[in-house]
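*Asks:* Requesting a structural model of the entry that follows:
(one chain, ligands or ions: 1)
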Amino acid sequence: MGQKILVVEDNELNLKLFCDLLRAHDYLAEPVRDGREAMTRARDFRPDLIIMDIQMPYISGLELIEQLKGDDDLKTVPIMAVTAYAAKGDEQRIRDAGAEGYVSKPISVIRFVEAVSGLLEAAARNAATAPANLVTLVDASVPPPPSAAKSDAEVFLEGRDPRFRGDDEQEEREEEE
Ligand code: MN
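*Replies:* Presented below is the predicted three-dimensional model:
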């Protein structure tokens, strides 16, 4: 049976894309559109990994990461944070909140899947040995090689598809102001 991944993301297109991508790699993806439901859904679903959007209405991903890491039942579940863009200090704030991994949009499909499998493997290793104090931070700052052919999905993820318009862009503008 595939490992279970809870995907917390308010942007419907990103949510569908992440879930489709995970299912294509034989993970069981469970979508959560409203961050306010994330804790309850995590308790019910018992995920092996949580993918957490940071920019969300009502409750930020950073707050949710802190809540999850403060919960005795859920704190060992690795969290991969996803940010709309990598601002200076974002990575540190995400690490401080307790996330094990971090990728910034635009996200390459390959890097996304590698980050997911890497975090799951690291968590399995840690579970077998010491308590998790893992920092498997994904370096999202390194661009993919220019020669790499991009799939439709990857182009979609990089925001070149006009359908890839979400609240994140609005939120980015707000944050920059
Ligand atoms: Mn968002």
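
*Asks:* Using the three-state scheme, assign the spatially most central residue of the chain.
*Replies:* Nearest to the geometric centre of the chain sits Ile51, at 3.3 Å (Cα atoms, centre = their mean). Counting by DSSP: H, G, I helix; E, B strand; the rest coil, the backbone at Ile51 sits in strand.

*Asks:* Would you tell me what helix or strand Ile94 is located in?
*Replies:* Per DSSP states H and E, Ile94 falls inside helix 90-97.

*Asks:* Now do whichever helix or strand comes after that helix: distance to the chain's middle.
*Replies:* Next in sequence after helix 90-97, counting helices and strands by DSSP H and E, comes strand 101-104. With Cα atoms, centre = their mean, to the nearest Å as the basis, strand 101-104 stands 7 Å off its chain's centre.

*Asks:* does any bit of strand 101-104 sit next to the ion?
*Replies:* No - figure legend: strand 101-104 not in contact with the ion (Cβ under 5 Å from the ion); closest approach 12.5 Å. In short, each C-beta sits where N, CA and C put it, glycine included.

*Asks:* quick one: strands adjacent to that strand?
*Replies:* Using DSSP bridges, strand 101-104 pairs in its sheet with strand 79-83 (parallel).
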